[in-house]
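Asker: Next come a sequence and a model predicted from it.
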Amino acid sequence: MATKLAIEGGPKAVDKLGPFPTKIGKDELLEVLDLWQFSDGNMEKIRAIIDADKGVKGPHLFRYYNPRPSKVAAAEKAMKELIGTKYCMATNSCTSALIAAYRALGIGAGDEVIVPAYTFFATSATVVASNAIPIIADVDETLCLSAESVEKAITKRTKAIVPVHMRGGVAQMDAIMDVANKHGIPVIEDTAQAAGGSFKGKMLGSIGTIGCFSFDYYKVIVSGEGGFMTTNNERLYTRALNWHDCAACWRPDRFGPEKENEDLFCGENYRMSELEGAVALAQIRKAKTIVSKHFAAKNKIKSAIEKFKGLSFRRLADDAGDTGICLIMFLPDADTTKKVLPALQAEGVPAGGIYDSKVRDWHTYNYWEHILQYKSVSKDRLPWSGVPENELPKYTKDMCPKSLELLSKAILIDIDYNLQDEDCNKMAAGINKVLSAYLK
Ligand SMILES: Cc1ncc(COP(=O)(O)O)c(C=O)c1O
């Protein structure tokens, strides 16, 4: 047996290891394909093709240090091009993107962030999860944050304003940006529900300081779970990247020292997987088509609805920039809405209410007990302990009456982008039929 050490020129004890089978192989692929619900016969054919391929290498489902071009990186590039920002970071959700955005801005204990009274709870919960205090402000007929309510809500502690482009519509970005710029406060556009929409020719998510998107299954363009953060600010991008990746341990110089002051801090793990990245990439490529089909179907239905006394539509800050994922009508009052809604549903129109004072729903602030009652996950009582008790916001269930009034008389009609002209005509006919019975 050779005794000369390899380091001294002797033979290596281990000349070769492997090749080993891939960690993620054919069984895992078949499980993924099962999600697509192929017919049994086709599944058998696919299985046979997969089994016959002896050279299959298998995927590397981690975006960093990937020997193949990363799908997540490709999705980021495609999203950057779609939205028109210099930087884009993929995350595992919009919730994560929002927290990364707040953290990138340095938001934490003692700070306040202005959020709308009508949004999915995640917009506000993420403020609390970042140890900051949400300040709840009214929405107007756009069902998005009103610039006037923002102006009134600003205090010395305000560190960000978060307009939410709710239900595929567009917030009043010029008026909100005017207020924000006047006070020097960054704006985070929560674009979770309106990817692909625009305001006066600029894509949503590119107008404020940061944009955050959701790709969860119920959104406009989807990857099951997933999110993106967009910005033109390199510094904020770097800090968000660090937060989303446990202090950026996967950056090219991996464990390198801090490059700029306040670059290095403890973060979490919000990375997107290659599986979601691949789905997101395919969806982003189709985003413009998906949005334009939604838009066309919605406007076909809207233009076929007759004029009725007491009927109005949600005001859009920019008609041309709407994604068209739904049509929102206002009826004269909540009582009429409660009668019209079941009648529309009985006709087969995919209609839903937005707010009913008797139905719990975390899209309206008055059910956010976690916030209204200053709840905290830990003994430190953050975020509420971050400011003197007498300076805490005075939350009440009826603090935004204008929002509640508008929401209680709204009816939302869901628009599927696969609707054909005939479907649109039938939906409009159903709406006209019901409204002529109730709005005489
Ligand atoms: C307005 C808004 N913001 C944030 C989120 C959170 O998105 P995600 O489910 O990707 O975390 C949602 C999701 O419903 C949302 O509607």
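Answerer: Thanks, I have it. Residues are numbered from 1 along each chain as shown.

Asker: Can you tell me how far the residue in the stretch 251-400 of the chain that the ligand sits nearest to is from residue 298?
Answerer: As assessed by CB to the nearest ligand atom, the ligand sits closest to residue 363 within the stretch 251-400 of the chain, at 8.0 Å. (Glycine included, C-beta is placed from N, CA and C.) Here the criterion is CB to CB, to the nearest Å. By it, residue 363 lies 20 Å from residue 298.

Asker: of those two, who's got more company?
Answerer: residue 298 (23 against 16; other CB atoms under 10 Å).

Asker: Can you work out which other helices and strands pack against the helix or strand containing that one?
Answerer: Assessed by DSSP states H and E, residue 298 sits inside helix 274-303. On a contact count with 3 or more CB pairs under 8 Å, 6 or more residues apart in numbering; DSSP states H and E, helix 274-303 meets helix 71-83, strand 87-91, strand 326-330, helix 421-438.

Asker: and the angle from the third one to helix 421-438?
Answerer: Going by axes from the mean of the first three to the mean of the last three CA atoms, to 10 degrees, strand 326-330 is angled at 10 degrees with respect to helix 421-438.

Asker: Please work out which residues outside strand 326-330 touch it.
Answerer: With contact meaning CB atoms under 8 Å, 6 or more residues apart in numbering, strand 326-330 is reached by 141, 143, 167-169, 298, 301-302, 305, 311-314, 354, 406, 409-415, 431.

Asker: what does the longest one give?
Answerer: Residues outside helix 421-438 that contact it (CB under 8 Å, 6+ apart): 297, 300-301, 304-306, 308, 311, 329, 331, 336, 339-340, 343-344, 347-350, 413, 419.

Asker: OK, contacts around residue 139?
Answerer: Residue 139 neighbours (CB under 8 Å, 6+ apart): 116, 117, 118, 145, 146, 149, 166, 400, 402, 403, 406.

Asker: nearest spatial neighbour of residue 43, skipping sequence neighbours?
Answerer: residue 33 (7.1 Å; CB to CB, 6 or more residues apart in numbering).

Asker: neighbours of that neighbour, just the number please.
Answerer: 15.

Asker: sorry, back to before: and the buried ones among the contacts of strand 326-330, selectable in PyMOL?
Answerer: Selecting only the buried entries of those in PyMOL, with 16 or more other CB atoms under 10 Å as the criterion:
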select buried, resi 141+143+167+168+169+298+301+302+305+311+314+354+406+409+410+411+412+413+415+431
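
Asker: circling back: my guess is the residue nearest to residue 43 is in a helix, correct?
Answerer: Yes. Checked against DSSP: H, G, I helix; E, B strand; the rest coil, residue 33 lies within a helix.

Asker: Tell me how far it lies from the ligand.
Answerer: Note on residue 33: its distance to the ligand, by CB to the nearest ligand atom, to the nearest Å, is 25 Å.

Asker: again with residue 189
Answerer: In this view, residue 189 and the ligand are 10 Å apart by CB to the nearest ligand atom.

Asker: which bits of this protein sit near the ligand?
Answerer: Counting by CB under 6 Å from any ligand atom, the chain comes close to the ligand at 93-95, 119-120, 122-123, 164, 190, 192-193, 214, 216, 227.

Asker: Reformat those as a markdown table; add secondary structure and neighbour count.
Answerer: Shown next, in a markdown table, are those (DSSP: H, G, I helix; E, B strand; the rest coil; neighbours: other CB atoms under 10 Å):
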| residue | secondary structure | neighbour count |
| --- | --- | --- |
| 93 | coil | 22 |
| 94 | helix | 29 |
| 95 | helix | 23 |
| 119 | coil | 28 |
| 120 | coil | 19 |
| 122 | helix | 22 |
| 123 | helix | 24 |
| 164 | strand | 27 |
| 190 | strand | 33 |
| 192 | coil | 29 |
| 193 | coil | 24 |
| 214 | strand | 30 |
| 216 | strand | 16 |
| 227 | strand | 28 |
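
Asker: Please compute how far stretch 14-33 lies from its chain's middle.
Answerer: The chain centre lies 34 Å from the centre of stretch 14-33; the measure is CA atoms, centre = their mean, to the nearest Å.

Asker: actually stretch 328-347, sorry about that
Answerer: With CA atoms, centre = their mean, you get 28 Å for stretch 328-347.

Asker: So for it, mean pLDDT?
Answerer: The average of the pLDDT scores along stretch 328-347 is 97.

Asker: Can you mark which positions in it are buried?
Answerer: 328, 329, 330, 331, 334, 336, 337, 338, 340, 341, 343, 344.

Asker: right, and the fourth one touches residue 406 too?
Answerer: No. With contact taken as CB atoms under 8 Å, residue 331 and residue 406 are classed as non-touching, separated by 11.2 Å.

Asker: and stretch 170-183, how far from the chain's centre?
Answerer: In terms of CA atoms, centre = their mean, the centre of stretch 170-183 is set 20 Å apart from its chain centre.
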